[in-house]
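Chemist: Sequence and computational prediction follow.
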Amino acid sequence: MNVHRLRTLAVLPFALLVAALPAAAGEAKTDIVDTAVAAGSFKTLATALQAAGLVETLKGKGPFTVFAPTDAAFAKLPAGALDSLLKDKAKLTAVLTYHVVPGKVMAGDVVKLKEAKTVQGQSLTVSTAGGVKVDGANVTKTDIEASNGVIHVIDAVVMPR
């Protein structure tokens, strides 16, 4: 076997490994919807997004910042409120888009805000007294990054005024 061919064979596995590294290291994260679904504590939110026809929007390019209420947050709604929302697509859409801020707003930026304009059109009130809150809902987990934005977990469903 000639020396040139031997070098090529010796370098080939290394070249294949290096070629695979960028894909593994820079692998695309999942979008906001898939990230929330994978977390397992946002089943009600996923159902509501589906009912409102917002899944494709939140799977879109973004970036979006979602203040995502957990299943436990939805359970705190008064009896019948969720069922009523799920039957009224326009109201459901308004409530859900009130939880979404355009752009990628990380926790370090949220704490500097007094309010954040939502996709719905109104602004969420941001407070840092006694922990970070949006419209009175506690932010319980921050900076869950997705390919098209970021999720901050909240412990209540916030309603537009």
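Modeler: Structure received. Residues are numbered from 1 along each chain as shown.
Chemist: Pull out the C-alpha coordinates of stretch 93-105 and format them as PDB.
Modeler: What follows is stretch 93-105, C-alpha atoms only, in PDB (Å, rounded to 0.1, in the frame of the first residue of the first chain):
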ATOM      1  CA  THR A  93     -56.700  33.400  21.600                       C
ATOM      2  CA  ALA A  94     -56.700  36.700  23.500                       C
ATOM      3  CA  VAL A  95     -55.700  35.000  26.800                       C
ATOM      4  CA  LEU A  96     -53.000  32.900  25.200                       C
ATOM      5  CA  THR A  97     -51.400  35.700  23.200                       C
ATOM      6  CA  TYR A  98     -51.400  37.800  26.400                       C
ATOM      7  CA  HIS A  99     -48.800  35.300  27.600                       C
ATOM      8  CA  VAL A 100     -46.500  35.900  24.600                       C
ATOM      9  CA  VAL A 101     -44.100  38.800  24.200                       C
ATOM     10  CA  PRO A 102     -42.400  39.300  20.800                       C
ATOM     11  CA  GLY A 103     -38.700  38.900  20.900                       C
ATOM     12  CA  LYS A 104     -36.400  36.800  23.100                       C
ATOM     13  CA  VAL A 105     -36.500  38.400  26.600                       C
END
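Chemist: where do the helices sit along the chain?
Modeler: All helices of the chain, identified by DSSP state H, fall at 3-25, 32-39, 43-52, 55-58, 71-75, 81-87, 89-97, 107-110.
Chemist: Among those, which one carries the weakest average confidence?
Modeler: For the helices of the chain, mean pLDDT drops lowest on helix 3-25, to a mean of 34.
Chemist: Return the distance of residue 51 relative to residue 75.
Modeler: Using C-beta to C-beta, to the nearest Å, residue 51 is found at 17 Å from residue 75. Where you see a C-beta, it was placed from the backbone N, CA and C, and this is true even at glycine.
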